[in-house]
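S.K.: Need coordinates for the following:
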Amino acid sequence: MGLACSQIRLLTLTQRKADCEYGISIDSMRKMALTREQTQLSQEYYSKLQSKQISYYANGQYNKISYEYLMGYGSNYMAVTSGTKPLKSDNNVVLSDYKGQVILSETYANAITSVLGSSAMDNHGRGGTFSTDEIPAMLASFIPGFTEEQFKTVIDGENVSSSYDTENVNTMTGESTGNSTTVDNSQSLTNNIQNLVDFYYPIFAAAAANGWTTEYNQEMAANDDYISDAIVSGTFQLEQVDSDGSYDPNTSLTYFTTNGFVQSRTDSDVREEITAWYNAEKERISEKENYLDLEMSDLSTELEAINTEIQSIQSYVDDAITSVFDWGSS
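M.R.: Purely as a prediction, here's the structure:
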């Protein structure tokens, strides 16, 4: 009876020994996976530290590059005529994607489709080339207070003819002095329209010559760093537009940074955020390693005890078997 119980106990311990050895083997592989994860984390960390951001310098500080800075605020033309918001210093610079198509906001795209029809844009939010003769109508469609004819006149290099009648008023009494005067504001109006043409025309001329897209608008709206990251990666390009809307092939990101149009830099605040993220991820991996070390230590201790007990039982079984054979031979 004792020998049978010992055999059962030996089989149970042998099974548990196999379980412990398997557990240690699995934990070892998990530790190797964590080591690889730590290596990948370090590589990603140093890669992030080396990455650049595209910014512009204004009012004594570096500012995140934005679509509005590069391409304007749509129908908010006061940013162009009055300088109420920061804008690029070179009107002939536009933002395109890697295919060369000009990246347009919904406002600009709607101006094009209002003139060319909805079929001008496909299901992916992309449109093809068109005639620059359509640009005056497109400008008038999204810039209030100005007509297609006025834009066409200024684009053709002529002055807009404009005047209005006014009557002098006594500012003390509010009574009319009765003197009617015709005021010629042609030059003032022409200057305002010229400022708008100077800024917006290169955008539409580039779209007319190279095509256009609204495909990236959702990503740009959701991520403040999207444009900067896309310019660095090459998904987006800064283009120098010629008078006919074609791109200067000799310009690159280096060209624009060298000439001070934009800055390519590593922001110290971003470095701090990246380092904090790296430390948190490293701590998470370290906690997993500590847990596996404790688990492996417990399994190793249990395995050592099992081996000791197996040896003891095996010795007992061997002695019992030997005694039986010895008894039979006496």
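S.K.: Assess the claim that M220 and E68 are in contact.
M.R.: No - here M220 does not reach E68: they are 10.4 Å apart, not a contact under Cβ atoms under 8 Å. Just so you know, the C-beta spots here come from the backbone N, C-alpha and C atoms, and that holds for glycine as well.
S.K.: in the protein, which helix has the most residues?
M.R.: In the chain, taking DSSP state H as the definition, the longest helix is helix 268-329.
S.K.: Need the mean per-residue confidence for it.
M.R.: The average pLDDT for helix 268-329 rounds to 78.
S.K.: when you give positions from now on, start the count at 91
M.R.: Okay, using 91 as the starting number, the last item reads as helix 358-419.
S.K.: tell me what that helix is packed against?
M.R.: helix 92-140 (3 or more Cβ pairs under 8 Å, 6 or more residues apart in numbering; DSSP states H and E).
S.K.: State the next helix or strand along the chain beyond the helix it packs on.
M.R.: The element immediately downstream of helix 92-140 (helix or strand, assigned by DSSP states H and E) is strand 143-148.
S.K.: After that next one, which helix or strand is next?
M.R.: strand 151-154.
S.K.: mind checking how far that following strand is from the chain centre?
M.R.: 17 Å (Cα atoms, centre = their mean, to the nearest Å).
S.K.: Pairing partners for that strand, with directions?
M.R.: For strand 151-154, the pairing partners within the sheet under DSSP bridges are strand 143-148 (antiparallel).
S.K.: what comes up buried for the strand it pairs with?
M.R.: By 16 or more other Cβ atoms under 10 Å, the buried positions in strand 143-148 come out as Q143, I144, S145, Y146.
S.K.: How about stretch 182-189?
M.R.: Neighbour-count burial for stretch 182-189 flags N182, V183, V184, L185, S186, D187 (criterion: 16+ other Cβ under 10 Å).
S.K.: Please look at the fifth one and N300 and confirm they touch.
M.R.: Yes - the pair S186 / N300 is scored as a contact, 6.9 Å apart, by Cβ under 8 Å.
S.K.: Now the common contact residues for the two.
M.R.: Common neighbours of S186 and N300, counting by Cβ atoms under 8 Å, 6 or more residues apart in numbering, are V192, Y337.
S.K.: So what does Y167 have for phi and psi?
M.R.: phi -70, psi -10 (degrees, to the nearest 10).
S.K.: who are the neighbours in contact with it?
M.R.: I233, L286 are the contacts of Y167 under Cβ under 8 Å, 6+ apart.
S.K.: picking up where we left off before, could you dump the buried residues of stretch 182-189 into CSV and include secondary structure, distance to G217 and pLDDT?
M.R.: Putting the buried residues of stretch 182-189 into CSV (DSSP: H, G, I helix; E, B strand; the rest coil; distance: Cβ to Cβ, whole Å; pLDDT from 0 to 100) gives the following:
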residue, secondary structure, distance to G217, pLDDT
N182, coil, 21, 94
V183, strand, 21, 94
V184, strand, 15, 95
L185, strand, 16, 95
S186, strand, 13, 95
D187, strand, 13, 94
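S.K.: Which of these sits closest to S115?
M.R.: D187 (50.5 Å; Cβ to Cβ).
S.K.: tell me which residues form a beta bridge with the closest one?
M.R.: Residues in beta-bridge contact with D187 (DSSP bridges): F326.
S.K.: Could you check how far it is from E385?
M.R.: 51 Å (Cβ to Cβ, to the nearest Å).
S.K.: Out of the buried residues of stretch 182-189, which two sit at the greatest distance?
M.R.: N182 and D187, at 18.2 Å, using Cβ to Cβ across those.
S.K.: next helix or strand past the host helix or strand of N281?
M.R.: For N281, the host element (DSSP H and E) is helix 276-300. Counting by DSSP H and E, the next helix or strand C-terminal to helix 276-300 is strand 302-303.
S.K.: pull the CA atoms of the helix or strand that that following strand is followed by into PDB?
M.R.: The helix or strand immediately downstream of strand 302-303 is helix 307-312, counting by DSSP H and E. Taking C-alpha atoms only, helix 307-312 is exported to PDB below (Å, rounded to 0.1, in the frame of the first residue of the first chain):
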ATOM      1  CA  ASN A 307      -9.100  68.500 -43.800                       C
ATOM      2  CA  GLN A 308     -10.400  66.100 -41.000                       C
ATOM      3  CA  GLU A 309      -6.900  65.100 -40.000                       C
ATOM      4  CA  MET A 310      -5.700  68.700 -39.900                       C
ATOM      5  CA  ALA A 311      -8.700  69.700 -37.800                       C
ATOM      6  CA  ALA A 312      -8.200  66.900 -35.300                       C
END
